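Novice: Got a predicted structure here, sequence first:
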Amino acid sequence: MGLLLVRGVLGRVFLFVGITLLLLMSLPQVAATLVWDLEPYPALRGDSVQEAPAQAILVLGGDRYSWAPEYGGDTVGGMTLTRLRYAARLQRATGLPLYVTGGSPPHEDPPLGRLMAKVLEEELGVPLSGRVTGET
């Protein structure tokens, strides 16, 4: 419909190119190709964990699940839980100190860092090495 409503050849060409690029950018293969250069380091696996020159593990906050009735309030969201699970695995494999960080908007309390620490300690059984950042 847009091609029919746009007047002139140049307008139709721009509209066609724009729609085509939008469709291409929504394909997973194209997205993966574009992100490839942004992720130069692969995830640590197996024996490569011990060879990493890291001195600590830092987990950045991601998303939160607000007003979760099954947890009695706010908790971490799915993406953050995935990060915490991987960090717990790395901590067990390496023994490196583990730190979490994450704040919260003014209307949300507690900060995400505190929620992350709670999940790590109470649900995953991994002790934190220091103060939780992101607290106000």
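Specialist: Arrived safely. Residues are numbered from 1 along each chain as shown.
Novice: outside of stretch 87-106, which residues touch it?
Specialist: 44, 49-50, 52, 54-62, 64, 80, 84, 110-113, 115-117, 120, 124-130, 132-136 (Cβ atoms under 8 Å, 6 or more residues apart in numbering). No exception for glycine: its C-beta is placed from N, CA and C like everyone else's.
Novice: and the residues you listed, which are buried?
Specialist: 44, 49, 57, 59, 61-62, 64, 80, 84, 110-113, 115-117, 120, 126, 128, 132-134 (16 or more other Cβ atoms under 10 Å).
Novice: out of those residues, which are inside strands?
Specialist: Ile57, Val59, Arg64 (DSSP state E).
Novice: In this structure, where is pLDDT below threshold?
Specialist: 1-5, 46-47, 130-136 (pLDDT under 70).
Novice: hey, where'd the helices end up in it?
Specialist: Applying DSSP state H to the chain gives helices spanning 2-5, 9-25, 28-36, 48-51, 78-94, 112-118.
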